[in-house]
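In: Would you be able to build a 3D model of this:
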Amino acid sequence: MKYINKYIEENKNRFLDELIELLKIPSISADPNYKKDVFSCAEAVADSLKNAGADNVKICPTAGYPIVYADMIIDNSLPTVLIYGHYDVQPADPLELWESGPFEPIIKKTEIHPDGAIFARGACDDKGQFYMHVKAFELMMSTNTLPCNIKFMIEGEEEVGSENLSDFVVSNKDKLSCDAILISDTGIISNTTPSITTGLKGLSYLEVEVTGPNRDLHSGLYGGAVANPINILCEMIASMKDEKNHITIPGFYDKVLELSNEERKKMALAPFSLDEYKQALDLSDIHGEDGYSTMERVGIRPTLDVNGIWGGYIGEGAKTVIPSKAFAKISMRLVPNQSDEEITKLFTEYFKGIAPKSVSVSVNPHHGGEPYVAPTDILAYRAASEAMKETFGKEPVPVRSGGSIPIVALFEKELNVKSILLGFGLDSDAIHSPNEHYGIFNYLKGIETIPYFFKNFTRMFKEE
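Out: Next up is the predicted model:
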């Protein structure tokens with residue numbers, strides 16, 4: 001469809017400029033200091049949908065940050081596609097590792113992105129990716145080629161667990177009713193090897209606190225006689241994996257869905273270079289659960305990781321203390337058949353059970369989500385696969401991701417609709433890290449591919 005490429009070519013500079021303006025807004029949902037910015041970003045998203053031609057654009061309040069809803073219903077007899085994305089972003093820390101300001105977007109060429117990439121927090125996760133849908137919608141409206149109905153639901157709390165989206169979905173089932181859900185918050189294998197994510201991990205995210213003495217103590221006067229919470233916490237965390245990097249929580253693996261040898265062989269067909277993987281991360285060797293490949297560890301095996309640990313004195317110079325408290329944030333990524341509530345309970349019982357009597361322990365669950373697997377034989381997946389084949393020139397590879405999008409399982413439960421994870425990011429785009437970026441090629445390729453999905457899905461829907 002030549003009109004797609006023509007429209008993108010004529011408007012690509014504006015598409016980039018608009019995304020850059022959106023990226024300048026520090027919509028950090030985890031930090032209350034940025035509350036006004038998150039609300040401002042919701043308004044900017046709503047304005048962009050209005051300008052693209054959407055009807056019924058509304059900023060819907062929640063107990064937290066608002067959800068932006070919009071739609072274009074052209075014919076009730078035609079299928080409806082719901083677009084989901086999020087406008088909130090991760091905190092930018094550590095700021096000193098950014099080569100440019102996290103909310104001062106710049107375009108730089110890199111070896112992987114010779115056409116340039118936009119460097120800014122949220123560039124790939126998820127402003128650049130959900131904005132592809134806004135611009136693809138604009139393209140279809142401007143060229144009078146929108147083939148079916150479309151709805152948008154763009155939220156502002158994904159990075160803090162989508163705490164209020166569940167209530168919104170349950171309360172607005174009729175408004176959100178659809179035949180397919182399209183999400184771009186994932187990635188592709190490379191710019192020459194397209195892929196579609198068919199599985200996401202669930203998540204159990206907790207914060208633990210270990211308390212020893214009632215105040216910080218002099219490490220000379222009390223050292224060796226009083227439990228040091230940092231030492232104890234490190235020992236407890238270390239004991240949660242054995243010498244084979246197998247998680248030691250009793251019952252943790254009881255419901256893990258094991259893939260067959262045939263399924264594992266199919267996974268192994270996806271292009272992957274272990275040497276390039278290690279080189280990209282400056283690693284001399286890999287690390288993980290025995291008996292599984294790197295991609296299997298990421299995609300089909302549950303994990304436990306410490307995301308942050310602190311306590312005691314960490315300022316300049318020396319302060320010889322035994323701290324009163326030590327803390328850690330811990331995440332467990334879950335696979336099909338594991339329940340985040342059940343795993344959180346198992347973790348809590350085990351963690352408290354291995355604590356010595358010399359300390360007290362508390363576990364505070366933050367948020368979680370269920371795993372998700374999408375079949376590859378449904379209309380929406382086939383439509384997405386054909387769309388990528390048309391724009392990339394080759395059929396995409398189905399892959400399972402180590403990431404989590406907790407709301408996807410809820411969509412299936414409450415709306416009874418499968419989600420298609422049509423992302424265009426790369427593993428090297430540094431999401432959640434300093435110097436996050438998103439390739440211009442990927443951004444424009446997404447805008448090009450999405451109209452093909454709509455065309456294919458509508459045609460297949462009519463044929464059934």
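
In: Going by C-alpha atoms from here, please, whenever you check contacts or count neighbours.
Out: OK.

In: Check this protein for its longest helix and report it.
Out: In the chain, assigned by DSSP state H, the helix with the most residues is helix 440-463.

In: so how far is stretch 201-217 from its chain's centroid?
Out: In terms of C-alpha atoms, centre = their mean, to the nearest Å, the centre of stretch 201-217 is set 25 Å apart from its chain centre.

In: And stretch 14-23, by the same measure?
Out: Counting by C-alpha atoms, centre = their mean, stretch 14-23 is centred 21 Å from the centre of its parent chain.

In: any idea of the mean pLDDT for that stretch?
Out: pLDDT averaged over stretch 14-23 equals 98, rounded to a whole number.

In: One more: stretch 272-287?
Out: Looking at stretch 272-287 alone, the average pLDDT works out to 93.

In: Compute the first-to-last residue distance for it.
Out: Using C-alpha to C-alpha, to the nearest Å, the gap from the first to the last residue of stretch 272-287 comes to 16 Å.

In: Quick one: residues in contact with it.
Out: Outside of stretch 272-287, the residues within contact range by C-alpha atoms under 8 Å, 6 or more residues apart in numbering are T294, S428.

In: Identify each buried residue in that stretch, please.
Out: Y277 (16 or more other C-alpha atoms under 10 Å).

In: hmm, back to that, tell me what the longest helix of the chain is packed against?
Out: In this structure, helix 440-463 packs against helix 2-23, helix 128-142, helix 379-392, with contacts taken as 3 or more C-alpha pairs under 8 Å, 6 or more residues apart in numbering; DSSP states H and E.

In: which other helices and strands contact the longest one?
Out: Helix 2-23 makes packing contacts with helix 128-142, helix 440-463 when contacts are defined by 3+ C-alpha pairs under 8 Å, 6+ apart.

In: and of the ones you listed, who's closest to I330?
Out: For the helices and strands packed on helix 2-23, proximity to I330 was assessed by C-alpha to C-alpha; helix 128-142 is nearest, at 27.6 Å.

In: got a markdown table for the helices and strands packed on helix 2-23, with mean neighbour count too?
Out: Formatted as a markdown table, the helices and strands packed on helix 2-23 follow (neighbours: other C-alpha atoms under 10 Å):
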| stretch | mean neighbour count |
| --- | --- |
| helix 128-142 | 23 |
| helix 440-463 | 20 |
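
In: In CSV: those helices, plus mean pLDDT.
Out: What follows is these, written out as CSV (pLDDT from 0 to 100):
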stretch, mean pLDDT
helix 128-142, 98
helix 440-463, 98
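
In: Okay, and the beta partners of H437?
Out: With DSSP bridges applied, H437 shows beta-bridge pairing to F119.

In: That one: how many residues sit nearby?
Out: Burial of H437, expressed as a neighbour count using other C-alpha atoms under 10 Å, amounts to 30.

In: Contacts for the helix or strand containing G368, please.
Out: Secondary structure from DSSP states H and E places G368 in strand 360-369. Residues from elsewhere that reach strand 360-369 (C-alpha under 8 Å, 6+ apart): 160-161, 163, 202-212, 340-341, 344, 348, 352, 355, 404-407, 409.

In: before we move on, what about stretch 378-385?
Out: Counting by C-alpha under 8 Å, 6+ apart, the neighbours of stretch 378-385 from elsewhere in the structure are 180, 196, 375-376, 395-396, 420, 422, 452-454, 456-457, 460-461.

In: Counting neighbours, which bits of the lowest-mean-pLDDT helix or strand in the chain end up buried?
Out: Within the chain, confidence by mean pLDDT, DSSP states H and E is lowest for helix 261-267 among all helices and strands, at a mean of 85. For helix 261-267, burial by neighbour count (16+ other C-alpha under 10 Å) applies to M267.

In: Quick one: the helices and strands packed on helix 2-23 as JSON lines, columns for distance to G291 too.
Out: Shown next, in JSON lines, are the helices and strands packed on helix 2-23 (distance: least, C-alpha to C-alpha, whole Å):
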{"stretch": "helix 128-142", "distance to G291": "35"}
{"stretch": "helix 440-463", "distance to G291": "34"}
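
In: Adjacent strands (with direction) for the strand holding G368?
Out: Sheet partners by DSSP bridges: for strand 360-369, these are strand 202-211 (antiparallel).

In: Just checking, which helix or strand succeeds the partner strand along the chain?
Out: The first helix or strand that comes after strand 202-211 along the chain, using DSSP H and E, is strand 217-218.

In: Other residues contacting that following strand?
Out: Strand 217-218 is touched from outside by T320, V321, I322, P323, S324, with contacts defined as C-alpha under 8 Å, 6+ apart.

In: again, 7 Å this time
Out: Outside strand 217-218, the residues that touch it by C-alpha atoms under 7 Å, 6 or more residues apart in numbering are T320, V321, I322, P323.

In: Tell me where the model's unsure across the stretch 201-350 of the chain.
Out: Per-residue confidence for the stretch 201-350 of the chain (pLDDT under 70) gives no ranges below the cut-off.

In: What segments of it are strands?
Out: Shown for the stretch 201-350 of the chain, the strands assigned by DSSP state E, counting those that start in this stretch span residues 202-211, 217-218, 303-311, 321-322, 325-334.

In: closest one to E386 among these?
Out: Of all those, the one in closest proximity to E386, counting by C-alpha to C-alpha, is strand 202-211 (28.1 Å).

In: Excluding its own residues, what touches that closest one? List them.
Out: Counting by C-alpha under 7 Å, 6+ apart, 229, 233, 324-335, 340, 344, 359-371, 404, 406 sit against strand 202-211.

In: And the buried ones among these, selectable in ChimeraX?
Out: Selecting the buried subset of those in ChimeraX, with 16+ other C-alpha under 10 Å as the burial test, is done by:
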select :229,233,324,325,326,327,328,329,330,331,332,333,334,335,340,344,359,361,363,365,367,368,369,370,371,404,406
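
In: Flag every buried residue along whatever helix or strand D47 lives in.
Out: Taking DSSP H and E as the criterion, D47 maps to helix 35-52. When burial is assessed from 16+ other C-alpha under 10 Å, helix 35-52 yields the following buried residues: 35, 37-46, 48-50, 52.

In: tell me what it is packed against?
Out: Helices and strands in packing contact with helix 35-52 are listed as strand 55-60, helix 128-142; criterion 3 or more C-alpha pairs under 7 Å, 6 or more residues apart in numbering; DSSP states H and E.

In: quick one, that helix and strand 55-60 angle?
Out: Between helix 35-52 and strand 55-60, the angle comes out at 170 degrees (axes from the mean of the first three to the mean of the last three C-alpha atoms, to 10 degrees).

In: Convert helix 35-52 to PDB, retaining C-alpha atoms only.
Out: Only the C-alpha atoms of helix 35-52 are listed here, as PDB (Å, rounded to 0.1, in the frame of the first residue of the first chain):
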ATOM      1  CA  LYS A  35       2.300  14.300  40.000                       C
ATOM      2  CA  LYS A  36       1.600  17.400  37.900                       C
ATOM      3  CA  ASP A  37       3.700  16.200  35.100                       C
ATOM      4  CA  VAL A  38       1.900  12.900  34.900                       C
ATOM      5  CA  PHE A  39      -1.400  14.700  34.700                       C
ATOM      6  CA  SER A  40       0.000  17.000  32.100                       C
ATOM      7  CA  CYS A  41       1.100  14.000  30.000                       C
ATOM      8  CA  ALA A  42      -2.400  12.600  30.100                       C
ATOM      9  CA  GLU A  43      -3.700  15.900  28.700                       C
ATOM     10  CA  ALA A  44      -1.000  15.800  26.000                       C
ATOM     11  CA  VAL A  45      -2.000  12.300  25.000                       C
ATOM     12  CA  ALA A  46      -5.700  13.300  24.900                       C
ATOM     13  CA  ASP A  47      -4.800  16.300  22.600                       C
ATOM     14  CA  SER A  48      -2.800  14.000  20.300                       C
ATOM     15  CA  LEU A  49      -5.800  11.700  19.900                       C
ATOM     16  CA  LYS A  50      -8.100  14.600  19.200                       C
ATOM     17  CA  ASN A  51      -5.800  15.900  16.600                       C
ATOM     18  CA  ALA A  52      -5.500  12.500  15.000                       C
END
